[in-house]
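Colleague: Structure here, sequence nowhere to be found:
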DNA sequence: GTGGTCTAGACCACA
DNA sequence: GTGGTCTAGACCACA
């Protein structure tokens, strides 16, 4: 599963947030199944070449939000499906969609034009 | 023109950038014509209830990028159209489109689904 | 407001959690009003003689849970009343009450006895 | 007796302590009689689906505190009643009562309200 | 001035 | 082995 993670320290996005979002995506996307064991914080930190605290912070948020369960002294696991997880992938996209649409409308770009633009970039 | 501006201080996006992007959009979208007079920094700051420094920073960037011209002792105006402005609306959308697509793909959302989602939000 | 805070580093309870719980109690208890400005992280850290990161962590959680709003470059404020805040004081007590009752019942202590015990300790 | 035990690994309370407190409660509450034979560490661990080391740690503490007696090659038993055990149920409740009261007072919940809340949860 | 991020390193509790 | 907490200190973005 480590191989599915990657992080860009020089992106504007904080590392802990990149990691958080990636793991959420993996869970919602189905690459990570409920009850599946996660690599330890130290393993992820070493693999990504970042400080364990940074990884821990991402994991902490995932726990707070109910995506991950920590078990004392044992590796963490993907939480069993609950209300939180009913989140469909599409609802995660919503903020970005709204943001894009409001900019497009302000620019006078039509829905049709926008869909063409998206189609063009989809393949890359 | 003030009425066209609005800003969300609790959004993740820095205020100065929100303001900058909105003004660019207004120019590219045609709501702001070349040579049109802009409100003063103070007026905008008061209207938006933000710190004048913040407005100033947005305006400074717009000047640096050639969107706005400052004239000694007189109100600033939208710059006369030059190379810089040939920017089409669609190229301004590009970063957000790329960002959206990469998240959608990670979530396993198909292009068709994405277009449906966008269609749904377009009307609001 | 600083004077309302205090923290015991040698308690088993993590400092950041003590602080978190105290601030929630102050909000729910009404000592902190909505929109009220909070001391800065650095001020609290200095007053409590703990590391700013520790304070920051408590505040971060409060933000995540909607109790506090952070505003870029400006002091944080108690969030305007929302769903989150509808929490009555009594619902915050619930976990401890349940825990106490289950131990009492296991010990064969009756409800009446338990209430006497609580009455005895209340004055102290 | 196994059926009287249960443990919640995702509770904040360490498992070994949950187990310890439960067994003490069973002894003080009279469900476990003096000289009564206890299940082996392995049996308890298997039944509760926890690490045997964890059970062992709880049992060790019970031995240290005189609640349980270990006998070479034979199952452990509940210790014969001695001074240690004169502990009344109510004194075991004391820490939790104090903790609950201090939180209630900070939240501005009155003694009367608290007793109503406890009454409500008692039946469940 | 405000808060946010990250690191390195120490030390602890739990299983 | 696992994760949790805390510190000291550096550096950055925003208002």
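Modeller: Alright, I've got the coordinates. Model, not experiment: these values are computed from the prediction. Numbers count the residues shown, from 1 in each chain, chains lettered A, B, ... in the order given.

Colleague: which residue of chain A sits farthest from its center?
Modeller: The C-alpha centroid of chain A is most remote from residue A:108, which lies 31.3 Å away (CA atoms, centre = their mean).

Colleague: Could you check the pLDDT of the closest residue to it other than its chain neighbours?
Modeller: Nearest residue to residue A:108, sequence neighbours excluded (CB to CB, 6 or more residues apart in numbering or on different chains): residue B:29, at 4.4 Å. All C-beta atoms are positioned from the backbone trio N, CA, C, and that covers glycine. The model reports residue B:29 with a pLDDT of 82.

Colleague: Correct me if wrong: residue B:29 contacts residue A:110.
Modeller: No: taking contacts as CB atoms under 8 Å, residue B:29 lies outside contact range of residue A:110: 12.0 Å.

Colleague: the more surrounded of those two?
Modeller: Between residue B:29 and residue A:110, counted using other CB atoms under 10 Å in any protein chain shown, the more crowded position is residue B:29 (18 against 11).

Colleague: how near is that one to residue B:76?
Modeller: Separation of residue B:29 from residue B:76 (CB to CB, to the nearest Å) stands at 19 Å.

Colleague: Now the one helix or strand in chain A whose mean pLDDT sits lowest: buried residues?
Modeller: Scoring the helices and strands of chain A by mean pLDDT, DSSP states H and E places helix A:89-106 at the bottom, with a mean of 85. For helix A:89-106, the neighbour count (16 or more other CB atoms under 10 Å in any protein chain shown) marks A:89, A:90, A:92, A:93, A:96, A:97, A:99, A:100, A:101, A:103, A:104, A:106 as buried.

Colleague: same check, this time on stretch A:41-50
Modeller: Buried residues in stretch A:41-50, counted by 16+ other CB under 10 Å: A:41, A:44, A:45, A:48, A:50.

Colleague: what's the closest of those to chain B?
Modeller: When the buried residues of stretch A:41-50 are ranked by distance to chain B (CB to the nearest CB), residue A:48 comes first, at 16.8 Å.

Colleague: and the residue lying closest to the closest one once chain neighbours are set aside, how many neighbours does it have?
Modeller: Of all residues not flanking residue A:48 in the chain, residue A:7 sits nearest, at 5.0 Å (CB to CB, 6+ apart). Around residue A:7 there are 21 other residues, counting by other CB under 10 Å.

Colleague: likewise residue A:8?
Modeller: Counted by other CB under 10 Å, the residues lying close to residue A:8 total 9.

Colleague: So it versus residue A:49, what's the distance?
Modeller: Residue A:8 is 11 Å from residue A:49, where distance means CB to CB.

Colleague: just residue A:39 next, same as before
Modeller: 14 Å.

Colleague: part of a strand, is residue A:70?
Modeller: Yes: when DSSP: H, G, I helix; E, B strand; the rest coil is applied, residue A:70 is found to be in a strand.

Colleague: Let me see the contact set for it.
Modeller: Taking CB atoms under 8 Å, 6 or more residues apart in numbering or on different chains as the contact definition, residue A:70 lies against A:59, A:63, A:76, D:10.

Colleague: Name the nearest of those relative to DNA strand E.
Modeller: The shortest gap between DNA strand E and any of the contacts of residue A:70 belongs to residue D:10, at 10.0 Å (CB to the nearest atom of the strand).

Colleague: Let me know the secondary structure of that closest one.
Modeller: Judged by three-state DSSP, the three-state class of residue D:10 is coil.

Colleague: what about it, how many neighbours?
Modeller: Taking other CB under 10 Å as the neighbour definition, residue D:10 ends up with a count of 10.

Colleague: Which residue is the nearest non-sequential neighbour of residue A:43?
Modeller: Once chain neighbours are set aside, the closest to residue A:43 by CB to CB, 6+ apart is residue A:2, at 6.8 Å.

Colleague: So which of the buried residues of stretch A:41-50 belong to helices?
Modeller: Among those, the residues falling in helices (DSSP state H) are A:41, A:44, A:45, A:48.

Colleague: From residue A:23, how far off is the last one?
Modeller: Right, residue A:48. From residue A:48 to residue A:23 the distance is 12 Å (CB to CB).

Colleague: Could you name every residue contacting both of those two?
Modeller: Listed contacts common to residue A:48 and residue A:23 are residue A:5; contacts here mean CB under 8 Å, 6+ apart.

Colleague: low-confidence ranges in chain A?
Modeller: Segments of chain A classed as low confidence (criterion: pLDDT under 70) are A:81-87.

Colleague: Can you tell me which residues in it are near DNA strand E?
Modeller: Chain A has residues A:9, A:14-17, A:50-51, A:53-54, A:57, A:72-74 near DNA strand E, with proximity defined as CB under 7 Å from any atom of the strand.

Colleague: redo that, cut-off 6 Å
Modeller: Taking CB under 6 Å from any atom of the strand as the criterion, the neighbours of DNA strand E within chain A are A:14, A:15, A:16, A:17, A:50, A:51, A:53, A:54, A:72, A:73, A:74.
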